[in-house]
Structures are given as C-alpha cells and as structure tokens.
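> sequence plus the predicted model coming up.
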Amino acid sequence: MPTDQQGPNQALLAAAAAAGASPLTVLDCTLRDGGYYNNWDFPTPLVRRYLEVMKEAGVDYVELGLRALSSSAYEGPYAFTVDNWLRHVGIPEGMRVGVMCNAKDLLRGGDPQAMVHRLFSPADESPVELVRVAAHFSEIEASHEAVMALSELGYKVGFNFMQSSGRTREELTTKSALVASWPLDVLYFADSLGNMSPEDIRFTAEAMREGWPGPLGFHAHDNMGLALVNVLAAIDAGVTWIDATVLGMGRGAGNVRLEYLLLELAQRGLYSGKLDGLLNLVVEEFQPMQKAFGWGANLYYHLSAMYGVHPTYVQEMLSDERYKPSAIITALRRLGESGARGFSRDRLLDAMQDECLVSEGTWSAAGWLDGKDVLLIGPGEGVKQHLEGLQHYVEQHKPFVMCVNSNPWFPARLVDAWVACNRQRLLLDREFYAEHHGQLVVPAGVLDEESLAVWQHWTLLDFGIQIKPDHFAVHANGAELPAALSAVYGLALCNAGGARRVLMAGFDGYLHGDPRHNQMEQALALYKAAKQSIPLLAITPTTLSLPETSPYAPEV
C-alpha cells in the first residue's frame, strides 16, 4: 500500500514487506465495472455510503468510473465521472480516487494529447489522483501520447493490457518492454474473457516481468468461478496491485469479490481492516442489486470463457427474454467458432440464426421483377455516406428498390419492398415495422406469433427458405441458402423474380479475415456458381468480391 495516507492495514503490510513480501495495493472499481449493468447510474446516497465504507475498510484506491466526453444514449454520472460531480458527491478526506479511460476514446480524433487535455484539468485542481488507460493490444503503441499527457498533468498513471489470455510470451514481453520507458506507476493485465487459470496467471506475470520492472496489477473476471483463486495466484507470482468489486459487481460474470478478497488476505496476515461496514453494505445494498441485474458466474459465462467469447454476449442475451436457453448455448458455440473476442451486435444476430430453418413458401416470385433493375439497400454506412447520390439515381433511373431489413438512413418512401429472413433481426426491428407499412418478403416460419399485430398494415409475401450449408439454389417460391442472411435471401428473391441485375448499395463488407466477411464471401461464391445467377454490381464502396461502379456514372 502507499506510504502516505495509509489504510488501517499498513502495519501488517509493512511487516510483510520487511519479511521480503511486496505490500499490496487494493483498488475497488465497483462503480466503474459495475456500471455496465446499470448504465453507471448509481444513486448518490448509495455512493456516499460506499465511499465511507471503502475508507473504513482501508481500500487503497477507489476507481469511481469512466472518463469520457459524450455518449450516444443516456448514461449515469459515473460514465463520465467529471470533477465537478465528484466535488458534489464529496470524497472523504484522505481517500485516493481514480478513473479509467478506454484507449479507443483517447485515440478517437487522431490527437490523443488534445483529447487528454479536453478530458482532464491539472491533477492539483482535480479530486482524481490516478488515471488508468485500458487498451487492446492493437492500441498499445498509439496510447503513448495520451500516457505522456496524463503524466505531464500530474496524475499517477496505470495502464491495462486488455484480453491478456492466449497471448504468447514474446508478445507479452515485447509489449511490456515497450511501455517500460513510459511514465507509468503500474502495469496491469486483465482476464477480460474470464478464461485464465492460475497457470495462465503465473505465465503472464512472468512474461510481463521480463519486459517491465515496475509494479504489476491484475484485474480478474469470474466467468469460470476462478477469480479469487486467480488473484491469489497473481499475488504469489509477485503482482502487487489487485482489482476487486463489492459482491463482484462487474461486466459479465463480474469480478473477484472485495469482501472475499479482504477476508482471504486477513487469513494470510496481509490485511487488518474493518469489514463490518462492507459486509453490511453487501447485504443491504448490493445483494438486492444483484437480484435485479443478475451478475455472477453461471453456466453461460462458463461456456463463454471456455469458447473465448466476450462476456457481453452473455450479458446481452440474458437481459433479453426472447433468447431461450438452448438458443444461448448454440449461439455461444457459434460465437466461439467465429473468434468473437470483441462484442458486435451484428455478430450476435448472425450467431442466433436458425441453423435448421425450413419454411415452405406459399407465394411465387416468378415474374415479379421481370426484366427490372433492382437496387438492393444493405446495412452499411455506405448508404449514409452516399445517400444523395443514391436518391438521385433512384429519381433518374427508377429501379425497383428493395431494402434488406430496416435501414436508418434510406427514406422509406423510396422503398418498393423490404426483405428479411432472420428471426432475431425481425424482433429487434419490431418498432420499425410497427411504425411503417409496405411490402415485406419474408418466410412465414420466422414470424413471431406474439408480434402478429405489428403486421396488420403490411403486405406479407411468403417466400420460403431452407438452410443447407454450402448450398445455394433458387425456386419460384423459396430458396436453399447456406445461412439465414437477409442479404443473400434478397439476392435469391431477385433471381426468382426474374430481375435483370442487382445493384448493391451499403454492402461495405468487413476487414479481410473477419469471420463475417468470410461468411459473406462464401455465400457470394455459391451465388455466382449457381445456374442462371443474374449480374451483381456494387454502386457504393465495398471490400467484397463484387464489380463496382458509381451511382453518378452516366451509364450505370
């Protein structure tokens, strides 16, 4: 623990240090990590009580939340943790507090130093003493300027390597050596996916120690019920900064429980604080919150850790009653196969596809699009970026406009028909369908019976679907497809309807190597190999294997 403004366990820690053991620094990050469950909207009376309890318990640092500029949705005060709010809440005298910044927020805009100065005043004018920067391995080098700027402002600076599991010794050592010359007070590694074992902890600590001579920290997650065991392994491996949260409140399955950690440290002679207030806080305040929000280890989080899947997928599915247990288990397996270490809502929708979906169509598309050009509107931001050109093209050339699912940018008044075949995406778009009307081509088998009232203003055209891996075939009343991808379903419909060609807008694609990119490329390859497939032409930029042109060209 620090040498000034110590908690009540200083004497035992000093004795441990004199005996050759490194003193520990305990950092509680309940309001920051727990905020993923309640949008960082903790009531002020609870926060004030929590802070008094942390002081009484002798916790060395309290990380009060994130520090960021803005949000695209409502979030509570601890998503921003501005100095004025902290002064309003009131920090107990002698308490050391910190905030965390995500590297992606500091790097946004291309000038990390300027972003730091927008977010932070000089340290001697702020209640905040410690700032931690959390970075994915791909963001580490680019974070140097931000770290320098924070240090120059007078803050203690911590740096967190996110998603440290599965890294090679060379990668861990090299990255640690890279930051060794930076003005850092502690270097952390995080078990972000909750799938590390005590052996992994020792391996990671040893590898990082080869490149980094300063204090090491560890942030545990409890997906497999190993958070406390892993923290103790980290301490045995020489880690001296430990994160914890009250009742383990944190993203996904949560973190090591502060109360369990302090009790265990007391057994080891490394802690001698007052725990009555903390234990009462757990029972009176945090247990009811846990019942309401549902964090904690369970089978789904255990599976996500085994498969190397980001725990936010589980958190999202558990918070939505539409996701049934068997569907969650299947989705986690698919997410693991696709390498879903980072959260993506699109990837979640893909994983929730109906693998064995069979829906016989009752409507024939034969002749529906006879000889017409179809402008197929996809989900990519290319639609937003080139909206003026697309609207001008529609006005000049009068194609049949077909929209894949809903689109937030393209005007509904210009759409002749919508197309959808993914059950989960239909449910998520329910508000759009309730507020609009028109023609929707959709397999009847994917419609949710509970949402039938939504469709009363729509003309539903039942074009069937059957999922067959590595297969693409078109019939008058349906298609056999490799996956329940609405874009591919739309291409099959254009073929069945006899269109002349398909002009594709908003099919931006993904980075090469992304499983979603590979899935779409495989589907397009099957499409092109099918008999009598009609020509495809991208008219907004794409990374997919498609011929391209411009909507502004005189001969499109």
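Now that the structure is in, tell me what you want to look at. All values reported here derive from a predicted model rather than from experimental measurement.
> next, count neighbours for residue 280.
12 (other C-beta atoms under 10 Å). (C-beta placed from N, C-alpha, C; glycine too.)
> all the helices of the stretch 251-400 of the chain, residue numbers only.
With helices called from DSSP state H, counting those that start in this stretch, the stretch 251-400 of the chain shows them at 258-267, 276-281, 287-293, 299-307, 312-318, 325-337, 345-351, 382-385, 387-397.
> average pLDDT across the fourth one?
Averaging pLDDT along helix 299-307 gives 85.
> any idea how far it is from the chain center?
16 Å (C-alpha atoms, centre = their mean, to the nearest Å).
> could you tell me the least trusted of the helices of the stretch 251-400 of the chain?
Per-stretch mean pLDDT for the helices of the stretch 251-400 of the chain is lowest at helix 345-351 (a mean of 70).
> what's the closest non-adjacent residue to the residue most central in space within the chain?
Per C-alpha atoms, centre = their mean, the C-alpha nearest to the average position across the chain is that of residue 343, at 3.3 Å. In this structure, residue 343 finds its nearest non-sequential neighbour in residue 312, 4.1 Å apart by C-beta to C-beta, 6 or more residues apart in numbering.
> right, and the one you found touches residue 252 too?
Yes: at 6.5 Å, residue 312 and residue 252 qualify as touching, with contact defined as C-beta atoms under 8 Å.
> overlap in contacts, these two.
With C-beta atoms under 8 Å, 6 or more residues apart in numbering applied, the overlap between the contact sets of residue 312 and residue 252 consists of residue 36.
> neighbours of the residue nearest to residue 343, how many?
By other C-beta under 10 Å, 18 other residues sit near residue 312.
> need the contact list for it.
36, 251-252, 343.
> closest one to residue 191 out of those, please.
Of all those, residue 252 has the smallest distance to residue 191: 10.9 Å, by C-beta to C-beta.
> ok, that closest one - contacts?
Contacts of residue 252 by C-beta under 8 Å, 6+ apart are 36, 194, 221, 223, 295, 301, 304, 311-312, 314-315.
> before we move on, what about residue 49?
281, 285 are the contacts of residue 49 under C-beta under 8 Å, 6+ apart.
> let's see 10 Å
43, 277, 280-281, 284-285 (C-beta atoms under 10 Å, 6 or more residues apart in numbering).
> let's see if you can find the most crowded of these.
When the contacts of residue 49 are compared by neighbour count (other C-beta under 10 Å), residue 281 ends up highest, at 24 neighbours.
> correct me if wrong: residue 506 contacts residue 490.
No: in this structure residue 506 lies outside contact range of residue 490 using C-beta atoms under 10 Å: 11.8 Å.
> which residues do the two both contact?
376-378, 403-404.
> now, among these, which is nearest to residue 417?
residue 403 (7.6 Å).
> over to that closest one. Which of the three states is it?
Secondary structure assignment for residue 403 (DSSP: H, G, I helix; E, B strand; the rest coil): strand.
> OK, contacts around it?
Counting by C-beta under 10 Å, 6+ apart, residue 403 has contacts 375-379, 383, 410, 412, 414-420, 438, 440, 486, 490, 506.
> what do you get for residue 71?
Residue 71 is in contact with 39-40, 79-80, counting by C-beta under 10 Å, 6+ apart.
> from the residues you listed, pick the one nearest residue 511.
residue 79 (28.4 Å).
> okay, now the closest one: neighbour count?
Neighbour number of residue 79 under other C-beta under 10 Å is 20.
> and for the nearest residue to it once chain neighbours are set aside, the neighbour number?
Among residues not flanking residue 79 along the chain, residue 40 sits closest, at 4.0 Å (C-beta to C-beta, 6+ apart). Neighbour count of residue 40, defined by other C-beta under 10 Å: 21.
> before we move on, the earlier item: generate JSON lines for the contacts of residue 49, with distance to residue 265 as supplementary columns.
Below are the contacts of residue 49 laid out as JSON lines (distance: C-beta to C-beta, whole Å):
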{"residue": "43", "distance to residue 265": "29"}
{"residue": "277", "distance to residue 265": "17"}
{"residue": "280", "distance to residue 265": "19"}
{"residue": "281", "distance to residue 265": "18"}
{"residue": "284", "distance to residue 265": "23"}
{"residue": "285", "distance to residue 265": "23"}
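> what about the stretch 1-150 of the chain, any weak spots by pLDDT?
1-22 (pLDDT under 70).
> strands of that one, start to end?
Per DSSP state E, counting those that start in this stretch, the stretch 1-150 of the chain carries strands over the ranges 25-28, 61-66, 96-102, 130-135.
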